[in-house]
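Colleague: Give me the fold of what follows.
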Amino acid sequence: MIVLAILTGSSSLYLYSLVYQGTVSIFPAMIVQGILLLITLIAIFSYKGKRTTRSYDGGGYRIWTLRFGIIVLSTLGNVSIFVLYLLNFLEIIQAL
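Modeller: Numbers count the residues shown, from 1 in each chain. The predicted structure follows:
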């Protein structure tokens, strides 16, 4: 699942760079980004590994594991790029 999250995250950044350069228009990019977002959501909800661990300093709180943190970071990045495309498509914002 972590490899899937890394691939979708890097693909989202590459797609964003293509849209920013003007190579790809916003509507096809929004469709592809939606597919990448769905794949990332599948990765986060089907992750079966350990999600949290004890803090390293013994403070009594729990932190995310590195693998789960990477998947969450990829999901947040995909969601934010999709929302950015959606706002641009609806002409709420004008430039990426």
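Colleague: From now on I want contacts and neighbour counts done on CA atoms only, so please keep to that.
Modeller: Will do.
Colleague: nearest residue to the residue nearest in space to the middle of the chain other than its sequence neighbours?
Modeller: By Cα atoms, centre = their mean, the chain has its centre lying nearest to Asn78, at 2.7 Å. Distance criterion Cα to Cα, 6 or more residues apart in numbering; nearest residue to Asn78, sequence neighbours excluded, is Leu37 at 5.6 Å.
Colleague: tell me the phi and psi of Ala95?
Modeller: phi -130, psi 150 (degrees, to the nearest 10).
Colleague: Could you identify the helix or strand that succeeds the helix or strand encompassing Leu18?
Modeller: Following DSSP states H and E, one finds Leu18 within helix 2-21. Later in the chain than helix 2-21, the nearest helix or strand by DSSP H and E is helix 26-45.
Colleague: re earlier: any idea how many residues pack against the residue nearest to Asn78?
Modeller: By other Cα atoms under 10 Å, 25 other residues sit near Leu37.
Colleague: what does the longest helix seen in the chain rub up against?
Modeller: If you go by DSSP state H, the chain has its longest helix at helix 66-89. For helix 66-89, the external contacting residues (Cα atoms under 8 Å, 6 or more residues apart in numbering) are 1-2, 5-6, 8-9, 12, 16, 26-27, 29-30, 33-34, 36-37, 40-41, 43-44, 47, 49-51, 93-96.
Colleague: between it and helix 26-45, how big is the angle?
Modeller: With axes from the mean of the first three to the mean of the last three Cα atoms, to 10 degrees defining the directions, helix 66-89 sits at 160 degrees from helix 26-45.
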